[in-house]
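Asker: Give me a model of this one.
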Amino acid sequence: PEKGFAGEITKTKTGSNTLIHLIPGVLILPILIGLVHINDFPTSLGLALIILIFISFGFIIVYYNLKVINHDLQERLIVQSELKKSMRDVSYLSDLIERSTDAIMLVDEKFVIKQWNKGAEAIYGYSAEEVIGKNKYDLLDAPFMTKEQFKAGVDLLFIQGGKRTSTRLQLSKTGKTLTILQSAVALYNDDEKLIGYIGIGKDITELVEKEHELAKLNNELNKLISAKTIELNSVYERISDAVIVLDTNWCYTYHNNMAYIVTRDTAKINNSLVGKNIWEEFPFIVNTKLSEAYHKALAEQITIRLEYYYKEFDMWTEQTIYPTPDGISVFLRDITEQKLADIKQKDAEEKYKTIVESSQEGIIIRDTNGVITYVNDYLTRMLKENREYLIGLPLINLFSDENIKIMQYNMERRNQGFSDTYDLTLPLRDGSFITVYIKSTPYHEKGVFAGSLSTVTDITDIKNKELELKKLTSDLRSLSFYLQNIREEERKKIAKEIHDELGQNLAILKMDASWIGNQVGTENTKLNERLNQFKKITDDTVKTSRRLYNYLYPQMLDDIGLVGTINWHANSYIIPNNITFHFNTELTEEILPQYHNIWLGLYRIYQECTTNILRYAQAKSIHIDLNFKGQHIEMSIQDDGVGFELKQVDTKLHHGLLGMRERIYSLEGTILIESVVNKGTKITVVIPIIESIDATTPNDFSGSNTNG
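Answerer: The predicted model follows:
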């Protein structure tokens, strides 16, 4: 039917045209046959009509059949076209199914899996080969629902018209529990017989977890909001400020208890203001600075803080206005007492300013950058400057170059919160200099470091007098040292005379007494007794002369050195008095004449200390330490006696301590006296070694000498 002549007449368009062209021939042919048999009219006409009838009948049959064939062909072409399109759509849909991230599966009427896409593999972890042919309920749903529950879900699908969407728990290959949003559709064949189901599943596990977390957070948030609301109301009720809330119609929607108390005590309103209009309740604030602030805050949605005085109640208030689209909230605080205090403060500041300006000390304030912000009149006169020059000047510019580092250090200490006193020299612009004593301390404003405040005292005259006093002290010490030297020289001369003259005469007397005794003989008993008494007196006088000699001047320093002299003195005066004596030293008994003045000074101090110990201390032991310490020599004398209160010693009556100090100062040394009542006294003397020794060092004098 699609080729040759038949094809031409069976095609949808050309076939109809061909038949139309054949109709004239079909009509003319019987006419021609009839004309051939025209002579035999009855017979020929009948034959012609018969032929014409058969031809017409055949034409009608052929035409009808061809028309039916043509219609069937058109239907087949349409079906083929639609089938090709359907195949393309099926291919596209199949590709989409495979690419879908959702799990898409096809199961038969017994829930045996027939098809399993890539999305299902990704969600459940099973490949298509692993699941095809297995029961979907046993594989995925069994751990979470019974067969009865599964069947009830299938029944519900049919009740809902063959389509159903539900959320269920299913098991993955790894054992993870999944929350799946599943849509199921029942499939039927042409006979309306159920042949299976298509299921589309979306993994909403994370979404459900997030929803649970969100629900938990919302629940916690609601609890917090509820708690904060209660807390906020509680805070509003506890705070000392009066709190009122007004809506856009200027009616009260809330006020705390403090606001009620304020209105009760001032305006004598004993009822709640909620629902009432503020302008009607308090008409005297209409068209005032306060009402303007309320309207401005609401209109412009800005926070405004102002102080307002209610003359009707003689009350100062500080009000903070917070706007919202629904109205305003006002925090009102009674600051009447604060205002009165401010007035008193201003009066006090005026008094303080008067005191500061009339002070007989210079006062200067600098800020955190070291810039002068205030000076009083006395300071301007002291510095011979005007106030305009000093204000705004860096403080450090007032000081000389050699004092700049000192000032920078002091200013840094102020920044760290330390106060100091010091004196410095200030150069003035007229070329003169003054010495000032400065007391500087940090000051704060509202708890924040704001700079330093210093008082400046001109001590130029005091410094000059101090220098004079130091010079006088130095001269007096020089004189004292000179007098000590003269006294030592006089003592030395007297000792020498006692030793040379008296000692010699006493020796002669002793010798003469011995000679007379030898001449008298033994028979004159009374004369021998008197001679023996004379000898004893002579011996005692010799001993006394030696003691006086050594007391006036310790000649042994020149003979056996300091260590030997101390040992002699201890053995002669300390040990006989039943006092334990400990002498620890690294020095030997070498004389060292270059240290004569130091040895003499140390011995005199030792002598004075031991004399006081023997007289007053009631000590049982004395410890002496004498050693070189670098370029110094140090001697300490310690006893375990009754001790004394150092501050109670009157140097006008007891010259021993004063004499020791002056002797040590003359040698440029130091002395430290420590005493505790009933525990004893310790005196430590340190003297610098002024004269250097080329051939020897302190270590060359070392040795060991301990006596007790």
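
Asker: now the strands for the stretch 51-200 of the chain?
Answerer: Applying DSSP state E, counting those that start in this stretch to the stretch 51-200 of the chain gives strands spanning 103-108, 113-116, 163-171, 177-188, 194-203.

Asker: list the helices and strands the fourth one packs on?
Answerer: Using 3 or more C-beta pairs under 8 Å, 6 or more residues apart in numbering; DSSP states H and E as the contact criterion, the neighbours of strand 177-188 among helices and strands are helix 118-124, helix 147-159, strand 163-171, strand 194-203, helix 205-238. To be clear about C-beta, it is placed using only N, CA and C from the backbone, and glycine gets the same treatment.

Asker: Tabulate these (CSV), appending distance to residue 410 and mean neighbour count.
Answerer: Output for the helices and strands packed on strand 177-188, formatted as CSV (distance: least, C-beta to C-beta, whole Å; neighbours: other C-beta atoms under 10 Å):
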stretch, distance to residue 410, mean neighbour count
helix 118-124, 76, 20
helix 147-159, 89, 12
strand 163-171, 78, 15
strand 194-203, 74, 18
helix 205-238, 47, 12
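
Asker: Could you pull up the contacting residues of residue 320?
Answerer: Residues near residue 320 by C-beta atoms under 8 Å, 6 or more residues apart in numbering: 303, 304, 305, 330, 331.

Asker: try residue 144
Answerer: Contacts of residue 144 were listed using C-beta under 8 Å, 6+ apart, and they are 168, 169, 170, 171, 177.

Asker: Same check on residue 442?
Answerer: By C-beta under 8 Å, 6+ apart, the residues touching residue 442 are 414, 415, 417, 418, 419, 449, 451, 452, 453.

Asker: Any of those residues buried? List them.
Answerer: Burial by neighbour count, 16 or more other C-beta atoms under 10 Å: within the contacts of residue 442 this picks out 414, 451, 452, 453.

Asker: Low-confidence stretches in the stretch 551-700 of the chain?
Answerer: By pLDDT under 70, the weakly predicted segments of the stretch 551-700 of the chain are 551-553, 649-655, 690-700.

Asker: That one: helices as residue ranges?
Answerer: 556-569, 596-612, 655-666 (DSSP state H, counting those that start in this stretch).

Asker: Restricting to C-alpha, output the second one in CSV.
Answerer: As requested, the backbone C-alpha atoms of helix 596-612 are provided in CSV (Å, rounded to 0.1, in the frame of the first residue of the first chain):
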residue,chain,number,x,y,z
HIS,A,596,97.5,53.0,111.6
ASN,A,597,94.5,55.5,111.7
ILE,A,598,92.0,52.7,110.8
TRP,A,599,93.4,50.3,113.4
LEU,A,600,93.4,53.1,116.0
GLY,A,601,89.7,54.0,115.2
LEU,A,602,88.6,50.4,115.2
TYR,A,603,90.4,49.7,118.5
ARG,A,604,88.9,52.8,120.2
ILE,A,605,85.4,51.7,119.1
TYR,A,606,86.1,48.2,120.3
GLN,A,607,87.4,49.7,123.6
GLU,A,608,84.3,51.9,124.0
CYS,A,609,82.0,48.9,123.3
THR,A,610,83.6,46.5,125.6
THR,A,611,83.8,49.1,128.4
ASN,A,612,80.0,49.7,128.0
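
Asker: who's in contact with it?
Answerer: Contact partners of helix 596-612, identified using C-beta under 8 Å, 6+ apart, comprise 488, 554, 557-558, 561-562, 565-566, 569-570, 573-574, 592, 622, 624, 626, 633, 635, 637, 656, 659-660, 663-664, 666-667, 669, 671, 683, 685, 687, 689.

Asker: can you tell which of the helices of the stretch 551-700 of the chain is closest to residue 137?
Answerer: helix 655-666 (112.2 Å; C-beta to C-beta).

Asker: That closest one vs helix 596-612, what angle?
Answerer: For helix 655-666 against helix 596-612, the angle between stretch directions is 160 degrees (axes from the mean of the first three to the mean of the last three C-alpha atoms, to 10 degrees).

Asker: Which elements pack onto helix 655-666?
Answerer: Applying 3+ C-beta pairs under 8 Å, 6+ apart, we find helix 655-666 packed against helix 460-497, helix 596-612, strand 670-676, strand 680-688.

Asker: List the buried residues in it.
Answerer: Buried residues in helix 655-666 (16+ other C-beta under 10 Å): 657, 659, 660, 661, 662, 663, 664, 665, 666.

Asker: Compare the strands of the stretch 51-200 of the chain and give me the one nearest residue 252.
Answerer: Of all the strands of the stretch 51-200 of the chain, strand 163-171 sits nearest to residue 252, with 50.4 Å by C-beta to C-beta.

Asker: how distant is the closest one from the center of its chain?
Answerer: 55 Å (C-alpha atoms, centre = their mean, to the nearest Å).

Asker: do stretch 404-423 as well
Answerer: For stretch 404-423 - counting by C-alpha atoms, centre = their mean - the centre lies 26 Å from the chain centre.

Asker: List the contacts of it.
Answerer: By C-beta under 8 Å, 6+ apart, stretch 404-423 touches 366, 368, 370, 395-396, 399, 424, 435-442, 449, 451-452, 459, 463.

Asker: Just confirm residue 158 contacts residue 184, I think it does.
Answerer: No - using C-beta atoms under 8 Å, residue 158 is not in contact with residue 184; the gap is 10.5 Å.

Asker: quick one on the thing from earlier: from the contacts of stretch 404-423, which land in strands?
Answerer: 366, 424, 435-442, 449, 451-452 (DSSP state E).

Asker: which of those lies closest to residue 127?
Answerer: Nearest to residue 127 among the ones in strands among the contacts of stretch 404-423, counting by C-beta to C-beta, is residue 449 at 75.0 Å.

Asker: how close does the closest one get to residue 389?
Answerer: Plainly put, residue 449 is 27 Å away from residue 389 if you go by C-beta to C-beta, to the nearest Å.

Asker: Ok, residue 75 next?
Answerer: 117 Å.

Asker: Name the residue in the two with the higher neighbour count.
Answerer: Neighbours were counted for residue 75 and for residue 389 using other C-beta atoms under 10 Å; residue 389 has more, 13 against 10.

Asker: can you tell me which helix or strand the more buried one belongs to?
Answerer: If you go by DSSP states H and E, residue 389 is part of helix 387-390.

Asker: May I see the buried residues of that helix?
Answerer: By neighbour count, and taking 16+ other C-beta under 10 Å as the criterion, the buried residues in helix 387-390 are residue 390.

Asker: hmm, who's touching that helix?
Answerer: Outside helix 387-390, the residues within contact range by C-beta under 8 Å, 6+ apart are 364, 372, 375, 377, 379, 380, 383.

Asker: now do stretch 507-516
Answerer: Against stretch 507-516 from outside (C-beta under 8 Å, 6+ apart): 531, 534, 535, 538, 539, 542.

Asker: Could you pull up the mean pLDDT of it?
Answerer: If you average the pLDDT over stretch 507-516, you get 72.

Asker: May I have that stretch exported as PDB, CA atoms only?
Answerer: Taking C-alpha atoms only, stretch 507-516 is exported to PDB below (Å, rounded to 0.1, in the frame of the first residue of the first chain):
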ATOM      1  CA  ALA A 507     111.800  50.900 138.400                       C
ATOM      2  CA  ILE A 508     114.600  52.800 140.200                       C
ATOM      3  CA  LEU A 509     112.500  52.900 143.400                       C
ATOM      4  CA  LYS A 510     111.900  49.200 143.200                       C
ATOM      5  CA  MET A 511     115.600  48.600 142.700                       C
ATOM      6  CA  ASP A 512     116.400  50.900 145.600                       C
ATOM      7  CA  ALA A 513     113.900  49.100 147.900                       C
ATOM      8  CA  SER A 514     115.500  45.800 147.000                       C
ATOM      9  CA  TRP A 515     119.000  47.100 147.800                       C
ATOM     10  CA  ILE A 516     117.900  48.500 151.200                       C
END
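
Asker: centre of the chain versus that stretch, how much separation?
Answerer: Put simply, stretch 507-516 sits 97 Å off its chain's centre (C-alpha atoms, centre = their mean).
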